[in-house]
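Build me a model from this:
(2 chains)
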Amino acid sequence: MKKSIFILLIFIGFSSCKKEVVKDDKLEVTSVKSYTYNELKPLLEKNDDKTYVINFWATWCAPCVKELPAFEKLKQEYATKNVEVILVSLDFPKQVDKRLIPFINKKELKSKVVLLDDVNEDVWIKAIDSTWSGAIPATLIYSSKGRKFYEQSFDYEKLEIELKSLL
Amino acid sequence: MKFKKTILLLFVAIIATAFTNKVTEGYKVGDKIEDFKLKNIDNQMVSLSDYSDAKGFVIIFTCNMCPYSVANEDRIIALDKKYKKLGFPVIAINPNDPKASRGDGFEDMKVRASEKGFTFPYLFDEGQKVYPKFGASKTPHVYVVNKQTMKVEYIGAIDNSSRNPDKVTEKYVEDVIEALLAGKKPSKTQTRAIGCSIKVQ
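A predicted model of the protein is given here:
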């Protein structure tokens, strides 16, 4: 008797999960594109009329997760002002399916998320910015007006001030 | 009037110091380091001067909670096992403020060290006084120090693949120690790797 109730509970559990997936089907992210540094590089040096805000983060990095809403808000507020936000995840490649994708869906991230998977950290950290020690969170903002790199956390106000300096 | 002037001067001095402090980013390769005294997980105080037989030190700022640190734990243990007997013991220091990083408290450090079987001291940077002197910015962050000169020989990563130990093709720290043991100058003295920012309140 107990066993059948248990099975029934599991069954209900499963079916309710499934429903949610169907309901949110349109929003669900199912994959994240993985880049080597050489593949990512063009995104870090585009030469057009846009301003790019590139945030380096990971799901396991608490201060990164804390500042994500600021980047999401920036994306929304500046959507019509030629600003593009890209979230470059440094999650472990093995955890993309288990952690990164569920995280994107749970937080309903609207910004573009890509994974940077490249072993030669010593080469690409320096190449991204000579002052970057490799600690995350870190953010790069660039446009035709200039290029600024920040090894620090942001709140929305500070982020907006920095963005405006390059708009 | 004189009083006002003194206050003004004092004020200028304070501001100047505040800015200088910001500019100071800690030890660089070639700098002489100060010894420290920090509490180990066995409650004993540890200083570099305690190691009379050492030729140098592999000082690693690391912690319990950062996945990059965790991913490097086995490599840190392997380094200690291989080089302690050759005179280069690992000294691990947790620089995080436990109030800002739950799971990095002194008791948590004891648990993690025993779970993993750390063969090296795992020191608690109480009051976060030591890591700023080194200029450590993340975990893990390695400093190889020559004991005779107390000078920094290397700052950076353990190897060239922090996220995946199977993809390592260059073992930076081992190369540095091997060079020092052979009486040579290490060829690479500075490298970078991704890590977790050090947690402060």
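
okay, CA-based contacts and neighbour counts for the rest of this
Will do.

What segments of chain A are strands?
With DSSP state E as the criterion, chain A has strands at A:33-35, A:51-57, A:83-89, A:112-116, A:135-136, A:138-143, A:146-150.

Report the buried residues of the fourth one.
Looking back up the chat, that one is strand A:112-116. A:113, A:114, A:115, A:116 (16 or more other Cα atoms under 10 Å in any protein chain shown).

Put the alpha carbons of it into CSV.
Taking C-alpha atoms only, strand A:112-116 is exported to CSV below (Å, rounded to 0.1, in the frame of the first residue of the first chain):
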residue,chain,number,x,y,z
LYS,A,112,22.8,36.5,-24.7
VAL,A,113,24.8,33.8,-22.8
VAL,A,114,27.8,32.1,-24.3
LEU,A,115,30.4,29.7,-22.7
LEU,A,116,34.1,30.4,-22.9
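
For residue B:77, give me its contacts.
Going by Cα atoms under 8 Å, 6 or more residues apart in numbering or on different chains, residue B:77 touches B:118, B:119, B:120.

Most neighbours among those residues, which one is it?
residue B:118 (19 neighbours; other Cα atoms under 10 Å in any protein chain shown).

among the strands of chain A, which is nearest chain B?
Nearest of these to chain B, taken as Cα to the nearest Cα: strand A:135-136 at 4.8 Å.

Highest mean neighbour count out of the strands of chain A?
Ranked by mean neighbour count, the strands of chain A are led by strand A:135-136 with a mean of 26 (mean count of other Cα atoms under 10 Å in any protein chain shown).

all strands for chain B, in order.
Counting by DSSP E, the strands of chain B are B:38-40, B:45-46, B:56-61, B:90-94, B:122-124, B:138-139, B:141-146, B:151-156, B:195-197.

Isn't residue A:75 up against residue A:83?
Yes - here residue A:75 reaches residue A:83: they are 7.0 Å apart, a contact under Cα atoms under 8 Å.

circling back to that earlier point, make a markdown table out of the strands of chain A and add mean pLDDT.
Formatted as a markdown table, the strands of chain A follow (pLDDT from 0 to 100):
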| stretch | mean pLDDT |
| --- | --- |
| strand A:33-35 | 97 |
| strand A:51-57 | 98 |
| strand A:83-89 | 98 |
| strand A:112-116 | 97 |
| strand A:135-136 | 96 |
| strand A:138-143 | 98 |
| strand A:146-150 | 98 |
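
could I get these as TSV with distance to residue B:61?
Listed next are the strands of chain A as TSV, based on distance: least, Cα to Cα, whole Å:
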stretch	distance to residue B:61
strand A:33-35	29
strand A:51-57	20
strand A:83-89	23
strand A:112-116	24
strand A:135-136	13
strand A:138-143	20
strand A:146-150	22
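
Can you redo the ones you listed as TSV, where the extra columns are distance to chain B?
Listed next are the strands of chain A as TSV, based on distance: least, Cα to the nearest Cα, whole Å:
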stretch	distance to chain B
strand A:33-35	15
strand A:51-57	10
strand A:83-89	11
strand A:112-116	11
strand A:135-136	5
strand A:138-143	10
strand A:146-150	13
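
Out of the ones you listed, which gets nearest to residue B:72?
For residue B:72, the closest of the strands of chain A is strand A:135-136, at 15.4 Å, according to Cα to Cα.

what are the pairing partners of the closest one, and which direction each?
strand B:195-197 (parallel) (DSSP bridges).

what does the strand it pairs with contact?
Residues contacting strand B:195-197 (Cα under 8 Å, 6+ apart): A:61, A:134-137, B:66, B:68-69, B:137-141.

mind running it again at 10 Å?
Outside of strand B:195-197, the residues within contact range by Cα atoms under 10 Å, 6 or more residues apart in numbering or on different chains are A:57-58, A:60-64, A:90, A:133-138, A:151-153, B:62-63, B:65-69, B:96, B:136-141, B:157, B:162-163.

Please, a PyMOL command that selects the buried ones among those?
Per 16+ other Cα under 10 Å, the buried members of the contacts of strand B:195-197 correspond to this PyMOL selection:
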select buried, (chain A and resi 57+58+60+61+62+63+64+90+133+134+135+136+137+138+151+153) or (chain B and resi 62+63+65+66+67+68+69+96+136+137+138+139+140+141+157+162+163)
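
out of the contacts of strand B:195-197, which are inside helices?
Among those, DSSP state H puts A:62, A:63, A:64, B:67, B:68, B:69 in helices.
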